[in-house]
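>>> My questions are about this predicted structure, shown below with the sequence.
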Amino acid sequence: MTGPTREATADLITLPGTPLADAIMDLIRPVETPSVLNHSIRSYLFARLAAGRLGLTVGHDYHDDLLFAACAMHDLGVASDGPHKQRFEIEGADRAAAFLIDRGVPAADADQVWQAIALHTSPGIAERHGTLCVLVREGVALDFGGPLGADHVDAVTDEQADAVHAAYPRLDMIRSLTDAIVAQAAKNPKNAPRYAIPGEFLRERETFGRTRMEHACRSSRWGN
């Protein structure tokens with residue numbers, strides 16, 4: 001079996017390169033850990049592969065800039081410079097939507113990104129709120145390699161996964177992201193509502209020393 005061509009690999013890992021995408025990278029790069037940043041970008045790359053599996057085409061079924069914005073900023077709620085006064089999904093969604101509106105993105109488009117980020121930890125709900133929510137949820141789930149319930153984990157070949165991970169290494173992502181979510185949740189009771197992801201992560205860490213997600217990901221397709 002031969003691997004992907006150099007051109008195919010370049011296409012696979014190429015980011016939009018638009019002024020908006022560049023501005024988003026400038027926003028998140030200084031305030032997210034390298035591990036969380038890479039996870040966010042891989043989520044976008046995997047979301048594009050999921051779109052192909054679902055028969056969705058860019059420019060017709062979804063806008064690439066909005067998909068990049070939602071994936072790249074989906075964990076902005078755990079950024080080091082955030083106010084940390086709401087659960088991280090909502091805080092990130094608020095920051096992302098405000099950032100987009102400040103740059104002239106129509107309010108309706110910014111709201112699509114808001115929904116995709118706010119609902120990315122809500123399986124069964126995200127999938128009923130439009131294509132962008134579906135793709136962001138699926139891209140994030142794919143980067144966990146299965147434990148989040150990705151329906152299209154086989155949409156990514158081993159060769160594609162190797163190329164994505166070579167460009168954006170995992171860097172102990174599961175632990176790093178969980179650390180960030182737990183730290184944000186611990187700052188304010190409003191950040192950790194019961195039965196929501198941040199609240200349960202915080203309680204599982206306090207009770208067991210690690211979360212069920214961390215345990216499950218030990219046997220996921222990509223590991224940590």
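In hand now; what should we look at? Numbering: from 1, shown residues only.

>>> After the least confident helix or strand in the chain by mean pLDDT, which helix or strand is next?
Sorting the helices and strands of the chain by mean pLDDT, DSSP states H and E puts helix 6-13 at the bottom, at a mean of 74. Counting by DSSP states H and E, the element after helix 6-13 in chain order, helix or strand, is helix 19-28.

>>> Convert that next one to CSV, retaining C-alpha atoms only.
Extracted in CSV, the C-alpha atoms of helix 19-28 (Å, rounded to 0.1, in the frame of the first residue of the first chain):
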residue,chain,number,x,y,z
PRO,A,19,-7.7,37.1,6.5
LEU,A,20,-10.3,35.9,9.0
ALA,A,21,-8.6,32.5,9.5
ASP,A,22,-5.3,34.3,10.0
ALA,A,23,-6.9,36.6,12.6
ILE,A,24,-8.3,33.6,14.4
MET,A,25,-4.9,32.0,14.6
ASP,A,26,-3.4,35.2,15.9
LEU,A,27,-6.2,35.2,18.6
ILE,A,28,-5.8,31.6,19.8
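
>>> how far does that helix sit from the chain's center?
Relative to its parent chain, helix 19-28 has a centroid offset of 15 Å by C-alpha atoms, centre = their mean, to the nearest Å.

>>> Moving C-terminal from it, which element do we reach first?
helix 34-53.

>>> which helices and strands does that next one pack with?
helix 64-72, helix 131-143, helix 158-167, helix 173-185 (3 or more C-beta pairs under 8 Å, 6 or more residues apart in numbering; DSSP states H and E). For every residue, glycine as well, the C-beta is placed using N, CA and C.

>>> could you redo the last one with a cut-off of 6 Å?
Packing contacts for helix 34-53, counted by 3 or more C-beta pairs under 6 Å, 6 or more residues apart in numbering; DSSP states H and E, involve helix 64-72, helix 131-143, helix 173-185.

>>> Generate JSON lines for these, with mean pLDDT and mean neighbour count as supplementary columns.
Shown next, in JSON lines, are those (pLDDT from 0 to 100; neighbours: other C-beta atoms under 10 Å):
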{"stretch": "helix 64-72", "mean pLDDT": "98", "mean neighbour count": "25"}
{"stretch": "helix 131-143", "mean pLDDT": "94", "mean neighbour count": "26"}
{"stretch": "helix 173-185", "mean pLDDT": "93", "mean neighbour count": "21"}
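
>>> Chain neighbours aside, what residue packs nearest to Val113?
Nearest non-adjacent residue to Val113, counting by C-beta to C-beta, 6 or more residues apart in numbering: Ala70, 4.6 Å away.

>>> Including distance to Ser40, could the helices and strands packed on helix 34-53 go into JSON lines?
Listed next are the helices and strands packed on helix 34-53 as JSON lines, based on distance: least, C-beta to C-beta, whole Å:
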{"stretch": "helix 64-72", "distance to Ser40": "5"}
{"stretch": "helix 131-143", "distance to Ser40": "9"}
{"stretch": "helix 173-185", "distance to Ser40": "10"}
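
>>> any low-confidence regions in the chain?
1-8, 146-152 (pLDDT under 70).

>>> so which of the helices and strands packed on helix 34-53 comes closest to Glu214?
helix 173-185 (5.6 Å; C-beta to C-beta).

>>> just checking, what packs against the closest one?
Using 3+ C-beta pairs under 6 Å, 6+ apart, helix 173-185 is in contact with helix 34-53, helix 197-208, helix 212-217.

>>> Give me the residues contacting the longest one.
Right, helix 34-53. 67-68, 71-72, 75, 135, 138-140, 142-143, 152, 155-156, 164, 168, 171, 173, 176-177 (C-beta atoms under 6 Å, 6 or more residues apart in numbering).
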